[in-house]
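Engineer: give me coordinates for this.
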Amino acid sequence: MQTQSGRNTQRLANASRILGIMSFGLLVLPILILLYARFSGRYTDFAEVLSVGFLAAFLMLGSLAVGIPGCITALIALGKTMKEIGDKRIKKIATMGLILSSLGVFVVPLLFIYLRFSR
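Structural biologist: As a prediction, this is how the structure comes out:
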């Protein structure tokens, strides 16, 4: 039977995993939108291209807004697991949340820098 602290840590780990999945999804979706807009040949008007670009930018910023709390909750869950509980399942869940959230947090600025200086 788990203690109250163990259940709270498991909730933190699950929250970090959900935030990490959302952050990663909000990272992949704009990339797919930009690739579709670039290679479909459907968006030829400047206003259409600009609107698709703004949509992608806001989705990427959403990835940052969800990824930062995901990293924080994953680090808290990992710290509590290491100190008190030592449950490997909670550690795996929190690690997955940290990895997915970190991808959202670190890849978005690199994409913005690449898109800014690619032309």
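
Engineer: only C-alpha atoms from now on, for both contacts and neighbour counts.
Structural biologist: Will do.

Engineer: so which elements touch the helix or strand encompassing residue 77?
Structural biologist: In this structure, residue 77 sits in helix 46-80 according to DSSP states H and E. Using 3 or more C-alpha pairs under 8 Å, 6 or more residues apart in numbering; DSSP states H and E as the contact criterion, the elements in contact with helix 46-80 are helix 4-40, helix 88-117.

Engineer: redo those as JSON lines? Include distance to residue 63.
Structural biologist: Conversion of the helices and strands packed on helix 46-80 to JSON lines gives the following (distance: least, C-alpha to C-alpha, whole Å):
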{"stretch": "helix 4-40", "distance to residue 63": "4"}
{"stretch": "helix 88-117", "distance to residue 63": "6"}
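
Engineer: between these, which gets nearest to residue 48?
Structural biologist: Comparing the helices and strands packed on helix 46-80 against residue 48 with C-alpha to C-alpha, the closest turns out to be helix 4-40 (9.3 Å).

Engineer: could you pull out the buried residues of that closest one?
Structural biologist: Buried residues in helix 4-40, counting neighbours by 16 or more other C-alpha atoms under 10 Å, are found at 6, 9-28, 30-31, 34, 37.
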